[in-house]
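In: Next comes the sequence, and after it the predicted model I'd like to discuss.
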Amino acid sequence: MNPLYVQVSIVALYLVGITLYGLQVGKREAKTKEGYFLGGRSFSWPLIGFSLFATNINSASVIGESGLASKIGLAASNNELMGGIMLGVSAIFFIPLYLRSR
């Protein structure tokens, strides 16, 4: 069998599986607005942190930043470094507001 077909079938199987799992969890948790937007408030801090990290990483970060860094050097990472600092500052100021407002 051609290795390309195997790879495409693995990716397709993964996408179908993760979609079915998401639909199953969505039906269970999305009965209220809080369940839909906040996951029923059942997420732990590491899971929230992984979620923030995953939303910040994209193809521009992985491919574009590497290409830019090869052209101009380490200065290409300033956007990401400042983004991390600003996330920390935002967390210090906004997390107490979010926790108070539930």
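Out: Sure, I can see it. Numbers count the residues shown, from 1 in each chain.
In: Nearest residue to the middle of this structure?
Out: Nearest residue to the geometric centre of the chain (C-alpha atoms, centre = their mean): Ala54, 2.2 Å.
In: quick one: Val6 from Ala12, how far?
Out: From Val6 over to Ala12 the distance is 11 Å, taken as C-beta to C-beta, to the nearest Å. Every C-beta, even on glycine, is put in place using the N, C-alpha and C of the backbone.
In: I meant Thr55, not that one.
Out: 25 Å.
In: Give me the local confidence score for the residue nearest to the centre of the chain.
Out: On pLDDT, Ala54 comes in at 79.
In: how many neighbours does Ser9 have?
Out: Ser9 has 11 neighbours, counted by other C-beta atoms under 10 Å.
In: And Pro3, by the same measure?
Out: By other C-beta under 10 Å, the residues close to Pro3 number 7.
In: Make residue 1 into 39 and carry on from there
Out: I'll keep to 39 as the first residue from here, and by that count the last item is Pro41.
In: State the distance from it to Ile48.
Out: Pro41 sits 11 Å away from Ile48, going by C-beta to C-beta.
In: Then Val54?
Out: 11 Å.
In: now do Ser128
Out: To Ile48, Ser128 is 38 Å away according to C-beta to C-beta.
In: Also Asn96?
Out: Taking C-beta to C-beta, one finds Asn96 at 22 Å from Ile48.
In: who does the host helix or strand of Thr93 touch, helix- and strand-wise?
Out: Assigned by DSSP states H and E, Thr93 belongs to helix 83-94. Judged by 3 or more C-beta pairs under 8 Å, 6 or more residues apart in numbering; DSSP states H and E, helix 83-94 is in contact with helix 116-139.
In: Let me see the mean pLDDT of the helix it packs on.
Out: Averaging pLDDT along helix 116-139 gives 82.
In: quick one: it to helix 83-94, angle?
Out: On the basis of axes from the mean of the first three to the mean of the last three C-alpha atoms, to 10 degrees, helix 116-139 is oriented at 140 degrees to helix 83-94.
In: Would you mark the buried spots in helix 116-139?
Out: Across helix 116-139, burial judged by 16 or more other C-beta atoms under 10 Å covers no residue at all.
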